[in-house]
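[1] The following comprises the amino acid sequence and a computationally predicted model.
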Amino acid sequence: MPPKDVKLRCPYCRHAGVFHPSEQSLDAGWLEQRRRTDGIVENIQCGAGIRICPNPDCRGIILVHVEGGKLVSSLPSELIDFDATALPQAILSSIEEALKCHAAGAYKASALMIRRVLEEVCKDKGATGGNLKDRLSKLSTSIIIPSELLAAADELRILGNDAAHVEAQAYDDIGIDESGLAIDMAKEILKATYQYASLVERLKALKKVAR
């Protein structure tokens, strides 16, 4: 049987917490025998059941799969955490879709949604150029982005002119690592573009209240 309490980040409200079973939950448990690489056969206690988000404003229902006391997977899948503060709705929607695709193992789709996030940021801030790399370079003149980050980002295939085409070889080769790196880069750009300014304004407001 799976443990009663499971720790994870809610895919609905993004709060991390301890998820408890509901009173109506019926857990399923089973024992699996697996052979290790050294030939030793191990008995693995597995289980599945429904858990409820502890956030009273959410109470999302999650199906969890546990093996050996450790969470293996959940449905909906646990998402990479990110800060949604001060993000325009269109950009927020796009990055949420990118994270859902990544969690579902759809790494190509996730990378393309991250490309869309970056395109939307450039459009919102009026950064122009012949391609996405040029537009991001233009964006860096109005916000603080480490030059090393943009230089290293050139290695990401999603920034190429043809990265959005299904037939492109670069697109076909995108996997979990590049998808995850693209998300991390986008989070830093979003932070620099929208959230530093929001933090500054909040600090200024705090100073006014203190007076």
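    Here it is on my side, so go on.

[2] What does the pLDDT read for the most centrally placed residue in the chain?
    Residue closest to the average C-alpha location in the chain (Cα atoms, centre = their mean): residue 80, at 3.2 Å. We have a pLDDT of 88 for residue 80.

[3] now do residue 166
    For residue 166, the pLDDT comes out at 44.

[4] any idea how this structure splits into domains?
    6-75, 89-210 (automatic domain parsing).

[5] what separates residue 74 from residue 62, distance-wise?
    Note on residue 74: its distance to residue 62, by Cβ to Cβ, to the nearest Å, is 5 Å. (Glycine included, C-beta is placed from N, CA and C.)

[6] can you list residues touching both of those two?
    8, 11 (Cβ atoms under 8 Å, 6 or more residues apart in numbering).

[7] in the longest helix anywhere in the chain, what's buried?
    Using DSSP state H, we find that the single longest helix of the chain is helix 107-124. The neighbour-count check on helix 107-124 (16 or more other Cβ atoms under 10 Å) flags 107-122 as buried.

[8] Just the buried residues of the helix or strand just after it, please?
    The element immediately downstream of helix 107-124 (helix or strand, assigned by DSSP states H and E) is helix 132-139. By 16+ other Cβ under 10 Å, the buried positions in helix 132-139 come out as 132, 133, 135, 136, 137, 139.

[9] ok, the buried residues of helix 107-124 vs residue 5, which is closest?
    Nearest to residue 5 among the buried residues of helix 107-124, counting by Cβ to Cβ, is residue 110 at 30.0 Å.
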